[in-house]
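Enquirer: Got a sequence here, can you build the structure:
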Amino acid sequence: MTPATWLHFAAATLLAGVPALASAQELNLYTTREPGLVQPLLDAFTAQSGVKVNTIFLKDGLTERVGQEGDKSPADVLMTVDFGKLVELVDLGMTQPVTSDALTAAIPAHLRDPGGNWFALSLRARVLYAAKDLDLTEFHYEQLADPEWQGRVCIRSGQHPYNVALISSYIAHHGEAAAEEWLTGVKGNLARKAGGGDRDVARDIMGGICDIGIANSYYMGQMLSGNGGPEQIEWANAVKMIYPTFENGGTQVNITGAAVAKYAPNPEQAVQLLEYLVSPEAQKIYAEANFEHPLDPQVEVSELIGQFGTLVPDEMPLTEINTHRAAASALAEKVGFDN
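Expert: Next up, the predicted model:
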């Protein structure tokens with residue numbers, strides 16, 4: 001081994017804390033997903049392929065970590081729970097384009113990067129939680145600003161990525177001026193200060209604080225499953241879940257997605273993992289273990305989620321929605337949504 005090669009090897013090892021040069025039967029995954037949620041998928045992949053996955057969980061600082069490591073980074077796959085972070089990785093030059101017939105066939109065009117730099121793996125719908133006794137079976141996001149809901153809406157912070165994505169989608173559908181008017185109306189209808197988490201929406205509906213609220217679909221499955229304890233089962237049983245739509249579109253979705261790192265030492269294994277994650281087998285694991293919606297409409301969702309109807313995802317390209325994220329965050333600040 002030459003001195004230069006040795007220095008490269010040692011630096012990568014010190015930087016990463018994972019194998020600097022994984023063997024052909026290993027790959028390194030950097031993920032912002034909770035390890036418990038992604039591990040069943042990785043175990044199934046290893047059982048099928050024989051490729052071991054070394055997982056590094058990064059709650060925050062994914063781009064900073066990869067940027068610091070530079071061309072010595074051992075990361076093969078970068079996985080996140082928000083498409084905005086995937087676009088940021090591309091913009092920072094931290095990904096590489098992938099050509100894969102399997103990925104193209106499995107993932108609708110509006111849920112992947114046109115240049116092949118990132119791909120959706122599962123869907124997270126932004127839905128309506130409503131008190132069970134409400135005579136309500138369908139809903140449009142636009143209605144959240146209607147005067148009839150004054151003092152009856154609960155929602156988490158307008159600056160949370162989930163809601164920034166929703167506001168961005170509203171801008172994409174209706175324009176920035178209309179979005180400001182809508183967001184002002186929604187703020188006026190809040191029953192309490194915007195904040196907390198999505199599960200708190202169900203809790204506060206049960207407590208009579210509000211009648212409706214916006215939350216992610218998979219939290220309903222997590223609550224009903226008992227994963228959060230018996231108290232959260234009660235919260236979930238107090239509400240029903242409705243898939244709202246835009247008046248000129250479908251239900252807003254975010255994604256779990258992934259990209260192959262620019263300097264991936266094992267790019268072939270990285271693509272192999274992505275292709276497995278969009279397979280029917282893996283999509284079923286997403287549905288049953290995480291209560292997320294599969295990309296493949298032929299794969300059934302968890303029964304706990306399926307009882308509430310069928311998701312019809314909005315087809316506005318995520319890349320288009322992402323162009324409005326800065327404006328969406330600025331609008332939330334302008335109208336004082338969290339004040």
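Enquirer: From now on I want contacts and neighbour counts done on CA atoms only, so please keep to that.
Expert: Will do.
Enquirer: Pull the number of nearby residues for Gly84.
Expert: Per other Cα atoms under 10 Å, the neighbour tally for Gly84 reads 20.
Enquirer: thought it was touching Thr323?
Expert: No: if you go by Cα atoms under 8 Å, Gly84 and Thr323 don't touch, sitting 9.3 Å apart.
Enquirer: Low-confidence regions, this protein specifically.
Expert: Applying pLDDT under 70 to the chain flags the ranges 1-24.
Enquirer: Angles on the backbone of Ser302, please.
Expert: phi -60, psi 140 (degrees, to the nearest 10).
Enquirer: mind listing what it touches?
Expert: For Ser302, the contacting residues are Gly221, Ala287, Glu288, Phe291, by Cα atoms under 8 Å, 6 or more residues apart in numbering.
Enquirer: Please report how far the second one lies from Trp149.
Expert: From Ala287 over to Trp149 the distance is 33 Å, taken as Cα to Cα, to the nearest Å.
Enquirer: Between these two, tell me which one has more neighbours.
Expert: Ranked by neighbour count (other Cα under 10 Å), Ala287 and Trp149 place Ala287 first, with 24 against 19.
Enquirer: Surely the more buried one forms part of a helix?
Expert: Yes: according to DSSP: H, G, I helix; E, B strand; the rest coil, Ala287 belongs to a helix.
Enquirer: does it really touch Leu295, like I thought?
Expert: No: the pair Ala287 / Leu295 is not scored as a contact, 9.9 Å apart, by Cα under 8 Å.
Enquirer: in which helix or strand would I find the closest residue to Pro280 other than its chain neighbours?
Expert: Among residues not flanking Pro280 along the chain, Val299 sits closest, at 6.6 Å (Cα to Cα, 6 or more residues apart in numbering). For Val299, there is no host helix or strand (DSSP states H and E).
Enquirer: Can you get me a residue count around Val299?
Expert: Residues near Val299, counting by other Cα under 10 Å: 17.
Enquirer: next one: Val90
Expert: Count around Val90 with other Cα under 10 Å applied: 19.
Enquirer: so the residue nearest to it when sequence neighbours are not counted is in which element?
Expert: Nearest non-adjacent residue to Val90, counting by Cα to Cα, 6+ apart: Asn117, 6.7 Å away. If you go by DSSP H and E, Asn117 is not part of any helix or strand.
Enquirer: same deal with the one 3 residues further on?
Expert: For Ala120, the enclosing helix or strand under DSSP H and E is strand 119-131.
Enquirer: Quick one: list the elements packing against that strand.
Expert: If you count contacts as 3 or more Cα pairs under 8 Å, 6 or more residues apart in numbering; DSSP states H and E, strand 119-131 packs onto helix 198-206, strand 212-216, helix 217-225, strand 239-242, strand 253-260.
Enquirer: tell me the domain boundaries of this structure?
Expert: As given by automatic domain parsing, the domain ranges for the chain are 3-122+253-299, 124-252+310-334.
Enquirer: any idea where the strands of the protein begin and end?
Expert: 26-31, 52-57, 77-80, 119-131, 153-154, 212-216, 239-242, 253-260 (DSSP state E).
Enquirer: And those: which comes nearest Ile305?
Expert: Nearest to Ile305 among the strands of the chain is strand 239-242; the distance by Cα to Cα comes to 8.7 Å.
Enquirer: Show me how far the closest one is from its chain's centre.
Expert: 20 Å (Cα atoms, centre = their mean, to the nearest Å).
Enquirer: Number of residues surrounding the residue nearest to Val90?
Expert: Neighbour tally, Asn117, other Cα under 10 Å: 23.
Enquirer: any idea how far it lies from Leu89?
Expert: Distance of Asn117 to Leu89, given as Cα to Cα: 9 Å.
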